[in-house]
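Chemist: Sequence and predicted structure below; questions after.
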Amino acid sequence: MARQRKKGNPIVTAVIFGIFGIVLLFLGIRTFIGLHGTLLNVTTCDPSEIKPGIYVEGTISYGYGAYIEKTTTYNHIVTKTDGYYYLVDICDKNADGSDNDTARWIGISISKSDNDKFDAISTQDDAPPIEITGVIRKNSSKVQGFLDDYITSYVDMYASYYDYTATSEDYANAKAEAFPYYIEMVDSSDYIFNLVLGLIFVLVAVFMVFKATRSKNHISAPAQPAGTAYYDGSGDFNGINATGYVYQPGNTSGMYTPGMSNMDNTSYLQHQTTTPQTPYNDPFYSQQPTADELQATDSTTYGATDTATLSSSFTLKSDD
């Protein structure tokens, strides 16, 4: 027989969905606030203002080629190109548009669709400038390693073009011109995507929790077997016992009353004559019927009524 697969806990799944949705909402809200706040103009700013986490805007006019190709791989085989990291100039213009000698290099992460524009400013003198918005990120050690290797090769190419041998000082000075950061390009589509997807995940999580809670709270009462009596915790007994006696609501004697629904008067009198009635020993009463009261009960003549009620005197148990 095939082993039955164990079902997962819906609450755990809902928590995972909720956390993922909250993270997406946080990222979307943060990007929204950043892009709609005060943006630093990387074209005219001072180099000291460039810091990770700052949202920026500006015009990029000069590039130095791509130093990283972002790809998707499958089994270590490149299946597609997703984008590039380009090396570009920032802090290179004055407020009036004139060139500034404080220009510095910084990486910029772009999508594949923007490659032609950044390739143009890297290879053509009259290429149109590119308007950007984004956020500054710190380079990881891997990205920084690629950047350093690219700058080294760039210095070698420059030295070869002007026919001189680059020194270690040349390499160090060139690397010092580059910020250890990159600009991640973002726009309104980024935060809209995060907000919508995050909201969907949160709503799914709330629905799953609500459904799981309702399932746990919806507990059916256990079926009561025919011909048995059970105690419901309220001080009353309900149902029919094995000998055909029923407890009538309002009967405070603590004893069962014979039920007449399934027997006629004659069979009931015969039953009373042949079978002595045993009183129910109710633990909620301190005084049980005496022998005289039981004898009086046994000698009672019942009329042709549907239900006869037995009673006994009692006193409530003292709190002492």
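Modeler: Yep, that arrived.
Chemist: Bridged to the closest residue to Val186 other than its chain neighbours, which residues?
Modeler: Nearest residue to Val186, sequence neighbours excluded (CB to CB, 6 or more residues apart in numbering): Gly134, at 5.3 Å. Quick note: C-beta positions are derived from backbone N, CA and C, even for glycine. With DSSP bridges as the criterion, Gly134 is bridged to Val56, Met185.
Chemist: which residues are contacting stretch 167-182?
Modeler: The contact list for stretch 167-182, computed with CB atoms under 8 Å, 6 or more residues apart in numbering, reads 47, 50, 52, 85, 87, 104-109, 136-139, 143-144, 147-148, 151-152, 154-155, 159.
Chemist: swap the cut-off to 6 Å and go again
Modeler: Where contact means CB atoms under 6 Å, 6 or more residues apart in numbering, the residues beyond stretch 167-182 that reach it are 50, 52, 104-107, 109, 136-139, 151-152, 155.
Chemist: still on that earlier bit, you'd agree the residue nearest to Val186 is up against Asp190?
Modeler: No: applying CB atoms under 6 Å as the test, Gly134 and Asp190 come out as separate, 9.8 Å apart.
Chemist: Can you measure across stretch 95-114, start residue to end residue?
Modeler: Looking at stretch 95-114, the gap from its leading to its trailing residue is 26 Å under the measure CA to CA, to the nearest Å.
Chemist: repeat for stretch 59-79
Modeler: Criterion CA to CA; first-to-last residue distance in stretch 59-79 is 33 Å.
Chemist: before we move on, what about stretch 47-56?
Modeler: Looking at stretch 47-56, the gap from its leading to its trailing residue is 13 Å under the measure CA to CA.
Chemist: top strand in the protein by residue count?
Modeler: Ranked by number of residues, the top strand in the chain under DSSP state E is strand 77-90.
Chemist: Which elements pack onto it?
Modeler: Other elements packing on strand 77-90 under the criterion 3 or more CB pairs under 6 Å, 6 or more residues apart in numbering; DSSP states H and E are strand 63-74, strand 104-111.
Chemist: between the ones you listed, which one is nearest to Ala95?
Modeler: Using CB to CB as the criterion, the shortest distance between Ala95 and those is 17.4 Å, found for strand 104-111.
Chemist: hmm, back to that, more crowded one of Gly134 and Asp190?
Modeler: Gly134 (24 against 18; other CB atoms under 10 Å).
Chemist: quick one: contacts for that one?
Modeler: For Gly134, the residues meeting the contact criterion (CB under 6 Å, 6+ apart) are 56, 183-186.
Chemist: circling back to that earlier point, can you check the pLDDT for the residue nearest to Val186?
Modeler: Taken from the predicted model, the pLDDT recorded for Gly134 is 92.
Chemist: before we move on, what about the one 10 residues further on?
Modeler: On pLDDT, Gln144 comes in at 96.
Chemist: Would you mark the buried spots in stretch 52-59?
Modeler: Neighbour-count burial for stretch 52-59, counted by 16 or more other CB atoms under 10 Å, picks out 54-56, 58-59.
Chemist: Before I go, just wanted to say thanks for your time.
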